[in-house]
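Visitor: My questions are about this predicted structure, shown below with the sequence.
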Number of protein chains: 2
Amino acid sequence: MNIGTVSERSGLPAKTIRYYEDIGLIAPDRRDNGYRDYSMEDMHRLRFLQRSRSLGFSVEECRQLLSLYGDRDRESAEVKAIANAKLGEIDRKIAELQGLREMLGHLVANCHGDHRPECPIIEGLSGRAPVH
Amino acid sequence: MNIGTVSERSGLPAKTIRYYEDIGLIAPDRRDNGYRDYSMEDMHRLRFLQRSRSLGFSVEECRQLLSLYGDRDRESAEVKAIANAKLGEIDRKIAELQGLREMLGHLVANCHGDHRPECPIIEGLSGRAPVH
DNA sequence: TGTCGGCCTTCCAGCAGGTGGAAGGTCAAG
DNA sequence: CTTGACCTTCCACCTGCTGGAAGGCCGACA
């Protein structure tokens, strides 16, 4: 399969696929003309990457997951540990964003939003009228 | 004030403060010895930057807010519009993360997490057993 | 046979938003 | 006069790609 084909089927841009090869996540064959030639196994790995990236795993985490993916002797506990760590990260990020949302929402709610210069948002950001 | 002092008082690393100068967010005086010399006004701007960055505004948005901050004739509507746009972005991000959380939580919940190789997480990521 | 469009290749640069480190100048205390 | 903490500039690096230039290759059509 040419890169255009796997790109379409995996949902990853060709540029990204070449980049994944650069950083050693995948190693397709080459044809005589220099074109990359992807096997079905390569396709599965790319699809795997696409999904795990979109679930928020970092490239390095994807590298780990990918090696577990190809490991017949893996222990599911190992995979679960990685996924659980990521779950914790996601939870922390959500909590952080909710904190921001509350603070910013507070500022916005108190601002007239008219032609006058008085603005609690600016005041809040400047720290003169701290928001808690 | 030296950079170390403003760094401590604004909560921004010295490196970051120099970087903000590089990109034109701030322009402190210089002493004869070449050291940067920060005024109280500079301090307020840095604190403003620290707060607005930590509330999720991009550097370019901070630049806009900062120019409104120093503008006696600003209209609060302008500030409110920027803040409201950011609020929408934060909401979208939260929703996206909650989606991820749900999907990943689903995978994790179904994984034994023991010494056996069978792993619904890996299967889910590989796309063989799609999760909805 | 030429040539045209669409694919493929490599390489280099750049995005955000900093961070790390090297090499060197300055200052205040002891 | 030295020591150590501070300050300076400059350049490279981080993540995860993305864009573009310059050139090779392939299949169809005239």
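Guide: Received the coordinates, thanks.

Visitor: Do stretch A:6-18 and chain B come into contact?
Guide: No. Using C-beta under 8 Å from any C-beta of the partner chain, stretch A:6-18 stays clear of chain B, coming no nearer than 9.7 Å. For the C-beta atoms, the positions are set from N, CA and C on the backbone; glycine is no exception.

Visitor: So what touches that stretch?
Guide: Applying C-beta atoms under 8 Å, 6 or more residues apart in numbering or on different chains, the external contacts of stretch A:6-18 come out as A:1, A:3, A:4, A:20, A:26, A:38, A:42, A:43, A:46, A:47, A:49, A:50.

Visitor: is it true that residue A:86 touches residue A:61?
Guide: Yes. Shown here, residue A:86 and residue A:61 form a contact pair, counting by C-beta atoms under 8 Å, at 6.9 Å.

Visitor: in which helix or strand would I find the residue nearest the centre of chain A?
Guide: Centroid-nearest residue in chain A, with C-alpha atoms, centre = their mean: residue A:56, separated by 3.7 Å. Assigned by DSSP states H and E, residue A:56 belongs to no helix or strand.

Visitor: Spatially nearest residue to it (excluding sequence neighbours)?
Guide: For residue A:56, ignoring the flanking residues on the chain, the nearest one in space by C-beta to C-beta, 6 or more residues apart in numbering or on different chains is residue B:100 at 5.2 Å.

Visitor: In contact with the residue sitting furthest away from the middle of chain A: list those residues for me.
Guide: Distance from the centre of chain A peaks at residue A:116, with 41.7 Å (C-alpha atoms, centre = their mean). For residue A:116, the contact set (C-beta under 8 Å, 6+ apart) comprises B:75, B:76.

Visitor: Break chain A into its domains for me.
Guide: Segmentation of chain A into domains, based on automatic domain parsing, reads A:1-74, A:83-132.

Visitor: out of the ones you listed, nearest to DNA strand D?
Guide: domain A:1-74 (3.3 Å; C-beta to the nearest atom of the strand).

Visitor: so does the closest one get close to DNA strand D?
Guide: Yes. Domain A:1-74 reaches DNA strand D (C-beta under 7 Å from any atom of the strand) through A:13, A:15, A:16, A:19, A:32, A:33, A:34, A:53, A:58, A:59, A:60.

Visitor: rewinding a little: of residue A:86 and residue A:61, who's got more company?
Guide: Using other C-beta atoms under 10 Å in any protein chain shown as the criterion, residue A:86 and residue A:61 rank with residue A:86 on top: 21 against 18.

Visitor: so how far is residue B:120 from the more buried one?
Guide: Distance of residue A:86 to residue B:120, given as C-beta to C-beta, to the nearest Å: 15 Å.

Visitor: For the lengthiest helix in chain A, which helices and strands make contact with it?
Guide: Scanning chain A for the helix with the most residues, using DSSP state H, yields helix A:76-109. If you count contacts as 3 or more C-beta pairs under 8 Å, 6 or more residues apart in numbering or on different chains; DSSP states H and E, helix A:76-109 packs onto helix A:59-69, helix A:120-126, helix B:76-109, helix B:120-126.

Visitor: just the angle between the third one and helix A:76-109, please?
Guide: So the one you mean is helix B:76-109. Counting by axes from the mean of the first three to the mean of the last three C-alpha atoms, to 10 degrees, helix B:76-109 lies at 160 degrees to helix A:76-109.

Visitor: thinking again about what came up before, so what sits against both of residue A:86 and residue A:61?
Guide: Counting by C-beta under 8 Å, 6+ apart, nothing touches both residue A:86 and residue A:61.

Visitor: Could you check the pLDDT of residue A:17?
Guide: On pLDDT, residue A:17 comes in at 98.
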